[in-house]
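S.K.: What follows is a predicted structure for the sequence shown.
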Amino acid sequence: MQANVAFEPLDAIVVGGGPAGLAAAKYLADAGRSALVLEKRPILGGKLSSWRDRDGDILETGLHSFFGGYDTVHALMREVGIGHHVRWQPHTLTFAMPPGFSNRVGAEAVFEEFHFVDAPSPFNGIGAVLNARYVFDAWEKVLFATGTLPILVGDHAYAERQDDITYAAWHRKRGMSEHMLKTFFGPMALALNFTPVDAISAEAMLRVMAYFASSRDASRAGFLDGPPNERLIEPIADHVRARGVRIESTARVAELIFSGGRCTGVRTDDGRSYEADNVILATPVHDAAKLLPPEMLRDPLVHGVGKLTSSPVINGHFWFDRPISPHTNLIFGAGTLLPVHADLGQASPGYGWPGKSFIEVCIAPADDLMALDDDAIVDRVMTDMTKLYPLATKATLVKAKLVRVPKSVYRASPGAEKLRPGARTPAANLFLAGCYTNHRFPASIEGAMRSARAAVDAVLERTYARA
């Protein structure tokens, strides 16, 4: 039985309660607009969601770092009053390599720390590369400088022309070494998009490099001082609720309702219908493809939504009874199933594992791992972890838990960047938000919130035009 839910007329319905959806609700509320957020899951947060297991320990959809260049994110957090929840780490990029993987001779793992010097960008990053010992030798440093010169000087048009080839192909065409590819750019690609260098678009990688070189602190990483739902998601939700925004969870939107070429509202899978003057679709790309009508997916404005695919990822949580790592920063693990990980037990007190190691790791590439059971995956990750952290062999693994995300961020394969849609759709009052949209930024928290800003700006522009 269909139910029409009667409320005061709404300016906007936001479909999705992740970072893009909540940011959109915040920007709408700031502009004095009424909004309703509908989230299909019992908890908010989307790819930033976190919850507690039966022991009270934190599980997350992914490991999240907050880089200095996340201007939109940090501005929103300041406005909500939660900017203090970011714990900044030293401005260092750390690459971990198992024995025999780097150019250092020896039987131990190597940790290369790129210390950014006190200089304007990009010279602070150039100084970090010049001081490297194990990732780049002297000749490779020259190759790095000459190979990445178009990006370091900010030639974004050049980067956009590289979307049709993989990063590995671009890298080799520029004369850079295989050693650099496997030790430096390999883990960076997996951390960025859970996609190997021989399968990721060169443009996607070059955009990240351009971002790292864009400002002095762009590549400095920080962590929340506790789990995302408690430190970021719920505070934003409370902020918008206090300004009149309604948020409903366990409200899966099954259908967009159209009339006369307009999207007049949505219908949930339990038959509830909601109407609004505007609709913002702030879902992952695969959900957007299910909701947009087939005829709309043929329109050049949004045809990419039906063609983009998503990367699978597994987020691993490993609790040890003692510290196994001396590092509290973000770690890029070359040649391992730990391409990006961090010891949140030592880096972030809100995770409740003080003085011991709680290693959270994005396990990638995960395409071939999804069919394995948890024990098999944990065994593989632990084999690589002990190569990087020998102390793990002397510690007790208290427990390990995995969170599988079969469809995470959009897969940035060659040609994908050209498929990313903008905020507008063929329906004048229907808009897209999400980290897959084309906001000239990689899929990330920052990208999601930038997309929300673009969607709300389009809503307001339409409103002013009608007025």
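M.R.: Perfect, I can see it now.
S.K.: Flag the shaky bits of the protein, pLDDT-wise.
M.R.: In the predicted model of the chain, residues 1-8, 104-105, 153-155, 465-467 satisfy pLDDT under 70.
S.K.: Find the centremost residue of it, please.
M.R.: residue 444 (2.9 Å; CA atoms, centre = their mean).
S.K.: Disregarding residues adjacent in the polypeptide, which is nearest to that one?
M.R.: residue 435 (6.1 Å; CB to CB, 6 or more residues apart in numbering). Any C-beta I mention is one placed from the backbone N, CA and C, and that applies to glycine too.
S.K.: any idea how far the residue lying closest to residue 275 once chain neighbours are set aside lies from residue 291?
M.R.: Using CB to CB, 6+ apart and skipping the chain neighbours, the partner closest in space to residue 275 is residue 265 (3.8 Å). Per CB to CB, to the nearest Å, residue 265 is found 13 Å from residue 291.
S.K.: Would you mind telling me which of those two has the busier surroundings?
M.R.: residue 265 (22 against 18; other CB atoms under 10 Å).
S.K.: and that one, bridged to which residues?
M.R.: residue 257, residue 275 (DSSP bridges).
S.K.: wait, residue 132 sits on residue 111?
M.R.: No. Taking contacts as CB atoms under 8 Å, residue 132 lies outside contact range of residue 111: 11.8 Å.
S.K.: Please say which of the two ends up with more neighbours.
M.R.: residue 132 (20 against 16).
S.K.: Residue 12 versus that one, what's the distance?
M.R.: 49 Å.
S.K.: Could you do residue 197 as well?
M.R.: In terms of CB to CB, residue 197 sits 40 Å off from residue 12.
S.K.: Same drill for the two, tell me which one is more crowded.
M.R.: residue 12 (24 against 21).
S.K.: who touches the more buried one in this structure?
M.R.: 24, 28, 33-36, 276-280, 459 (CB atoms under 8 Å, 6 or more residues apart in numbering).
S.K.: Please apply the same query to residue 432.
M.R.: 280-282, 288, 302, 305, 421-425, 451, 455.
S.K.: Would you mind checking which of the residues you listed is nearest to residue 260?
M.R.: residue 425 (15.2 Å; CB to CB).
S.K.: unless I'm mixing things up, that closest one is touching residue 295, no?
M.R.: No. In this structure, residue 425 is not within contact of residue 295 by CB under 8 Å, at 11.9 Å.
S.K.: what about these two, which has more around it?
M.R.: Set side by side, residue 425 and residue 295 show more neighbours around residue 425, with 22 against 8, by other CB under 10 Å.
S.K.: Need the nearest residue in space to the more buried one, chain neighbours excluded.
M.R.: Residue 425 sits nearest to residue 302 (CB to CB, 6+ apart), 5.3 Å away.
S.K.: What of residue 395?
M.R.: residue 320 (4.4 Å).
S.K.: what's across from that neighbour in the sheet?
M.R.: Here residue 320, judged by DSSP bridges, has bridge partners residue 397.
S.K.: Quickly note the distance from it to residue 356.
M.R.: Taken as CB to CB, the span from residue 320 to residue 356 is 6 Å.
S.K.: who has more neighbours, the two?
M.R.: residue 320 (25 against 16).
S.K.: doesn't residue 355 make contact with that one?
M.R.: No. Residue 320 is beyond contact range of residue 355, at 10.8 Å (criterion: CB under 8 Å).
S.K.: how about the CA coordinates for the helix or strand residue 455 falls within, as CSV?
M.R.: Using DSSP states H and E, residue 455 maps to helix 445-466. Extracted C-alpha coordinates of helix 445-466, given in CSV (Å, rounded to 0.1, in the frame of the first residue of the first chain):
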residue,chain,number,x,y,z
ILE,A,445,36.0,12.9,1.4
GLU,A,446,37.1,16.2,-0.1
GLY,A,447,35.7,15.2,-3.5
ALA,A,448,32.3,14.2,-1.9
MET,A,449,31.9,17.5,-0.2
ARG,A,450,33.0,19.5,-3.2
SER,A,451,30.4,17.7,-5.2
ALA,A,452,27.8,18.7,-2.6
ARG,A,453,28.8,22.3,-2.8
ALA,A,454,28.4,22.1,-6.6
ALA,A,455,25.0,20.5,-6.4
VAL,A,456,23.6,23.0,-3.9
ASP,A,457,25.0,25.9,-5.9
ALA,A,458,23.1,24.5,-8.9
VAL,A,459,19.9,24.2,-6.8
LEU,A,460,20.3,27.8,-5.6
GLU,A,461,21.0,29.1,-9.1
ARG,A,462,17.9,27.4,-10.4
THR,A,463,15.9,28.9,-7.5
TYR,A,464,17.2,32.4,-8.2
ALA,A,465,16.5,32.0,-11.9
ARG,A,466,12.9,31.0,-11.2
